[in-house]
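Asks: sequence and predicted model, in that order:
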Amino acid sequence: MGSILRWLSGWLARYLTKQITENSIPTSTYRQLEQALQPADVLLVEGDTRISVAIKYLTQSTWSHSALYLGPDAGLGQSDTGEPNVLIEADLEQGIRALPLSYYRHSHTRICRPVGLNSDDIQKLTGFALSRLGNTYDLKNVFDLARYLLPTPPVPTQYRHRLLAFGSGDPTRAICSTFLAEAFQQLRYPILPLIRMVPADDPDCADCTRVAYRVRHHSLFTPRDFDASPFFQIIKPTLPPGFDYHGLAWEDRSQQPPQMP
């Protein structure tokens, strides 16, 4: 029975990772992306596989995948091409793995940067990520998700995000966004915490309240949450300091802007 389940899991993983759409258009050059990234950045990716389409539909988001950028000095080794591995991610077929930035050279990506991390924080984040290398992908989540791979499954909008909150609960298994959420939670760094108003315990103000944050379980996070989080800056590689649109090299500089009818 175990061998049949492993075969079925492998077949399903290969089926779900099959490309079904054309690569999206990157919004920056590879060189710009490479220069903009810093250790601890979250790299969101618009995927083009069956499982990517399902995740984007269920989360109503452009982003279907997330990876953690740790840089060339993080001890991630080299790829088969001799390039330094700088990213770590949870892959459906290979589990948690390291890979070079060039793997996403032709993908539409977004950089989400946590604010205020110091070198000790980054070292702790790196250590946690490295300790998870080789762990397997949570295929229970994949089996649950496979039920929703219709182009537009009949699921009410308010429940779509929750459909991704499945999993075995086994700490040696992960999916891409929950792996990253768990890593940041080692620092107690907020992504999208639950916010409550509680009594301020001020003896001079009986009615005063204060904000209290509560950690959400890492299995509830999806790639879009890093984009939506107010605690992550969105970094656009094409907008350096002092950007002046007048200096853009248009193909036809004499071309006039299109006129509205």
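Replies: Everything's here; your move.

Asks: any weak-confidence spans in the chain?
Replies: Counting by pLDDT under 70, the chain has low-confidence residues at 1-2, 4-17, 20-24, 137-175, 253-261.

Asks: please, where are all the strands along it?
Replies: In the chain, the strands defined using DSSP state E lie at 42-45, 65-69, 87-91, 95-99, 109-114, 136-137, 173-174, 194-199, 209-214, 232-235.

Asks: got the buried residues for the last one?
Replies: Neighbour counts using 16 or more other Cβ atoms under 10 Å place residue 232 of strand 232-235 among the buried residues. All C-beta spots, glycine's among them, are computed from the backbone N, C-alpha and C.

Asks: so what does it touch, helix or strand wise?
Replies: strand 109-114 (3 or more Cβ pairs under 8 Å, 6 or more residues apart in numbering; DSSP states H and E).

Asks: mind listing what the strand it packs on pairs with, with the direction of each?
Replies: According to DSSP bridges, strand 109-114 forms sheet pairs with strand 42-45 (antiparallel), strand 232-235 (antiparallel).

Asks: possible to save the ones you listed as a markdown table with distance to residue 89?
Replies: Formatted as a markdown table, the strands paired with strand 109-114 follow (distance: least, Cβ to Cβ, whole Å):
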| stretch | distance to residue 89 |
| --- | --- |
| strand 42-45 | 9 |
| strand 232-235 | 17 |
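
Asks: what's the closest of those strands to residue 242?
Replies: Nearest of the strands paired with strand 109-114 to residue 242, taken as Cβ to Cβ: strand 232-235 at 16.1 Å.

Asks: that closest one: how far from the chain's middle?
Replies: 13 Å (Cα atoms, centre = their mean, to the nearest Å).
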